[in-house]
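*Asks:* missing the sequence, but the structure's below:
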């Protein structure tokens, strides 16, 4: 079996710049939190920051667990790059019965939660950039799978929302 030829025949949506930006922006938010915890960045603990920490922690936890579960639900079809496997089929289990891109929805919740735990202006800006990148990744990948994956149009008819039920 010629692996190089097999890889060339796979259909792929090229979103490498978005994946790099998401990783970079997310890493900066986590780095900022680490520097705050290590007292390398001045941090004023106020009633507001304390009040935001608990919901932020819960969102981060829900997002982290959700990302892990949805990756598990995708199984062999999960990859960092959006590519179709030769035997690819639509995944309709778990969170994929509710929204079409739950992995990205959970990753957004994770980012929002981290921002609430460490609410600084730069983390808010970075989180908005992460969310914008996920929105671009979702819309691009959606166009790709609609055109390249058999059965996806019917799935999209059954599962109306891309990321968040009732919103989008």
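*Replies:* Looks like it arrived, so ask away. None of the values given here were measured: they were computed from a predicted structure. Numbering: from 1, shown residues only.
*Asks:* next, name the residue at the spatial heart of this structure.
*Replies:* The geometric centre of the chain, computed from its C-alpha atoms, lies nearest to residue 104 (C-alpha atoms, centre = their mean), at 2.7 Å.
*Asks:* surely that residue touches residue 140?
*Replies:* No. In this structure residue 104 lies outside contact range of residue 140 using C-beta atoms under 8 Å: 11.4 Å. In this view, the C-beta of every residue, glycine as well, is placed from N, C-alpha and C.
*Asks:* where does the prediction get shaky in this structure?
*Replies:* Scanning the chain for pLDDT under 70 picks out the ranges 1-13.
*Asks:* tell me where it has strands.
*Replies:* Under the criterion DSSP state E, strands of the chain are mapped to 12-13, 82-83.
*Asks:* one step back: excluding chain neighbours, give the residue nearest to the residue nearest to the centre of the chain in space.
*Replies:* For residue 104, ignoring the flanking residues on the chain, the nearest one in space by C-beta to C-beta, 6 or more residues apart in numbering is residue 134 at 4.9 Å.
*Asks:* wait, that neighbour sits on residue 102?
*Replies:* No. Taking C-beta under 8 Å as the definition, residue 134 is not a contact partner of residue 102, at 11.9 Å.
*Asks:* and for the two, which residues touch both?
*Replies:* residue 163 (C-beta atoms under 8 Å, 6 or more residues apart in numbering).
*Asks:* higher neighbour count, these two?
*Replies:* Higher neighbour count among residue 134 and residue 102: residue 102, with 25 against 21, using other C-beta atoms under 10 Å.
*Asks:* how about the contacts made by the closest residue to the more buried one other than its chain neighbours?
*Replies:* Using C-beta to C-beta, 6+ apart and skipping the chain neighbours, the partner closest in space to residue 102 is residue 95 (3.6 Å). Contacts for residue 95 were tallied using C-beta under 8 Å, 6+ apart; they are 66, 69-70, 73, 102, 105-106.
*Asks:* biggest separation within those, which pair?
*Replies:* Maximum pairwise distance among those (C-beta to C-beta): 13.0 Å, between 73 and 105.
*Asks:* what about residue 103, neighbour count?
*Replies:* Other residues lying near residue 103 total 22 when counted by other C-beta under 10 Å.
*Asks:* nearest residue to it other than its sequence neighbours?
*Replies:* Nearest one to residue 103, counting by C-beta to C-beta, 6+ apart, is residue 70 at 4.1 Å.
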